[in-house]
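J.: need a 3D model of the sequence below.
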Amino acid sequence: MAFMKKIPTVVDLFCGCGGLGLGAKLAGFDVSVAVDIDKTLQSAYCRNFPNTHVVNGDLAKMDEHDWKNLLNGQTIDGIIGGPPCQGYSRMGKGDENDPRRKLLHHFFRTVNIIGPSFFLMENVEGLMDEKNKSELINAIKTVSSRYTVLPPIIVDASKFGAPTKRKRVIVIGYDSNEIDKIIEDDINAINSPLVSVKDAIIDISDPIPQENNIDNFGWSKYKNTNFISDYAKKMRKIPRGDIGWNIAIDKLRKGETSGNFDTIHLPKTSARYGSIKPGGTDSVSRSKRLSWDGLCPTLRAGTGADKGSYQAVRPLHPSQPRVITVREAARLQGFPDWFCFHRTKWHSFRMIGNSVSPLVSEKILQIIKNKINEYKTYKSSSVS
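T.: Numbers count the residues shown, from 1 in each chain. The predicted model follows:
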């Protein structure tokens, strides 16, 4: 019996701008539906994933009827998603009464509704803290017994080829009747060569004035430099398939990227930033100065208008007396140069800071996709 191949399909929950979704696409999955309640963060998903059905909605209120209508009989192979992390974050208040903590349970409730072959959930490392871990364990207990659930795995983005020391918790579950066995060592064995800040951003444009030019995305050409790392070459590649915004792709073909607007500092602030040594921290803003040969610390998101519109603390450029640009942040997080965020720096940094590195999700989802293919190949050969 011939085995009929099809592209495996996932649903992206709490999708944000698409860090997990991009990793899924790069790993060879199709993203059928992407859901998020924040329309602004989600705007980048619509722009960069033109063939995905992007739904602006409250996952906590979506039931079997909603998903039946959305999927329209389509078989879903996987569910991916990162429930809001603010209630578990070590950087914020970590409020145990934060209503967003309940969304963790709605991730697993949706898994039970859709019934995919696997699921992958990511969140902050703080989810494994003593005061939070029981909530994760209780949420996992609600998922169907058909799934084998791996113990939570803490991953470091720098080991996946991203130039940042960003740690996240990954929870993977799979149906052993549809996928080959997955073990923790499959994930823990990933150990890509380290990529430095220099590798990541040395070729990126210096900031350009924003002034009143808020109607575009801060397009600017790459620097003329003798050093272009393998990492930078990868980030510069034109996307394949059905991802990417046609305007951004056309710009990239001309050597231009988005997200290069400057941030204006007072002269005394610039002087203070300029005096800080690489690896040091500004005593006022708490911004850490990057080192060319080091890694970027975890990029923070800031808050939306519903939580006070607070700007996130941004790292300082390694050799210039300023904070990094959106494009530099995107490179440090692992987003390719064709990926566009928002016209404003505030929302763009929210998108990047809230996302998982696409390099992390791509490598993990590639392992899962291989396990799906191995199982299907085995079943096909055993039937024939």
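
J.: longest strand of this structure?
T.: Counting residues, the longest strand in the chain under DSSP state E turns out to be strand 167-175.

J.: what is the mean pLDDT for the helix or strand following that strand?
T.: For strand 167-175, the following helix or strand on the C-terminal side (DSSP states H and E) is helix 184-188. Summarised as a single mean, pLDDT over helix 184-188 is 96.

J.: not counting its own residues, what contacts helix 184-188?
T.: Residues from elsewhere that reach helix 184-188 (CB atoms under 8 Å, 6 or more residues apart in numbering): 150, 151, 153, 155, 170, 172, 364, 367. Any C-beta I mention is one placed from the backbone N, CA and C, and that applies to glycine too.

J.: next step: the residues you listed restricted to helices.
T.: 364, 367 (DSSP state H).

J.: want to throw the contacts of helix 184-188 into TSV with pLDDT and neighbour count?
T.: Converted to TSV, those look like this (pLDDT from 0 to 100; neighbours: other CB atoms under 10 Å):
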residue	pLDDT	neighbour count
150	97	16
151	95	8
153	96	17
155	97	22
170	96	20
172	98	26
364	98	27
367	98	15
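
J.: average pLDDT for stretch 291-302?
T.: Averaging pLDDT along stretch 291-302 yields 91.

J.: now do stretch 44-63
T.: 96.

J.: so which residues of the stretch 201-350 of the chain form strands?
T.: Under the criterion DSSP state E, counting those that start in this stretch, the stretch 201-350 of the chain contains strands at 220-221, 256-257.

J.: list the strands paired with the first one, with their directions.
T.: Using DSSP bridges, the neighbouring strands of strand 220-221 in the sheet come out as strand 256-257 (antiparallel).

J.: can you tell me the SS state at residue 361?
T.: helix (DSSP: H, G, I helix; E, B strand; the rest coil).

J.: relative to residue 366, how far out is the nearest residue to it once chain neighbours are set aside?
T.: Setting aside the residues directly before and after it, residue 361 is nearest to residue 23 in space (CB to CB, 6 or more residues apart in numbering), at 2.5 Å. Distance of residue 23 to residue 366, given as CB to CB, to the nearest Å: 9 Å.

J.: check residue 62 too.
T.: Distance from residue 62 to residue 366, by CB to CB: 29 Å.

J.: cool, and residue 125?
T.: For residue 125, the distance to residue 366 - CB to CB - is 23 Å.

J.: burial check on residue 70, number of neighbours?
T.: 17 (other CB atoms under 10 Å).

J.: can you tell me the element it falls in?
T.: helix 64-71.

J.: hmm, back to that, list the residues that contact the residue nearest to residue 361.
T.: Applying CB under 8 Å, 6+ apart, the residues near residue 23 are 356, 358, 359, 360, 361, 362, 363, 364, 365.

J.: tell me the one of these nearest residue 162?
T.: residue 359 (4.6 Å; CB to CB).

J.: and the residue nearest to that closest one when sequence neighbours are not counted, what is it in contact with?
T.: Among residues not flanking residue 359 along the chain, residue 334 sits closest, at 4.0 Å (CB to CB, 6+ apart). Residue 334 makes contact with 157, 160, 161, 162, 163, 164, 357, 358, 359, 360 under the criterion CB under 8 Å, 6+ apart.

J.: which residues in the stretch 51-200 of the chain form helices?
T.: Assigned by DSSP state H, counting those that start in this stretch, the stretch 51-200 of the chain shows helices spanning 64-71, 103-114, 130-141, 184-188, 197-201.

J.: what helices or strands is the third one leaning on?
T.: This means helix 130-141. Judged by 3 or more CB pairs under 8 Å, 6 or more residues apart in numbering; DSSP states H and E, the packing partners of helix 130-141 are helix 103-114, strand 167-175.

J.: kindly export the longest one (C-alpha atoms) in CSV.
T.: Spelled out, it's helix 103-114. Extracted in CSV, the C-alpha atoms of helix 103-114 (Å, rounded to 0.1, in the frame of the first residue of the first chain):
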residue,chain,number,x,y,z
LEU,A,103,-5.2,30.4,30.7
LEU,A,104,-2.7,27.6,31.2
HIS,A,105,-5.7,25.3,31.8
HIS,A,106,-7.4,26.5,28.7
PHE,A,107,-4.5,25.4,26.6
PHE,A,108,-5.0,21.8,27.8
ARG,A,109,-8.8,22.1,27.6
THR,A,110,-8.4,23.0,23.9
VAL,A,111,-6.0,20.0,23.3
ASN,A,112,-8.8,17.8,24.6
ILE,A,113,-11.4,19.5,22.3
ILE,A,114,-9.3,19.2,19.1
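
J.: circling back to that earlier point, restricting to C-alpha, output the helix or strand that contains the residue nearest to residue 361 in CSV.
T.: Assigned by DSSP H and E, residue 23 belongs to helix 19-26. C-alpha atoms of helix 19-26 as CSV (Å, rounded to 0.1, in the frame of the first residue of the first chain):
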residue,chain,number,x,y,z
GLY,A,19,7.6,32.9,17.3
LEU,A,20,6.2,29.4,17.7
GLY,A,21,4.3,29.6,14.4
LEU,A,22,7.4,30.6,12.4
GLY,A,23,9.3,27.7,13.9
ALA,A,24,6.5,25.4,12.9
LYS,A,25,6.5,26.7,9.3
LEU,A,26,10.3,26.4,9.1
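
J.: can you name the next helix or strand after that helix?
T.: Following helix 19-26 in sequence, per DSSP H and E, is strand 30-36.

J.: buried ones in the helix or strand following that following strand, by neighbour count?
T.: Once the chain leaves strand 30-36, the next helix or strand it forms, by DSSP H and E, is helix 39-48. Residues 40, 41, 42, 43, 44, 45, 46, 47, 48 are the ones in helix 39-48 that count as buried (16 or more other CB atoms under 10 Å).

J.: cool, and stretch 286-305?
T.: Result for stretch 286-305 [16+ other CB under 10 Å]: buried residues 287-291, 294-296, 298-304.

J.: mind picking the two most distant members of those residues?
T.: Maximum distance among these (CB to CB): 31.3 Å, for 291 and 304.
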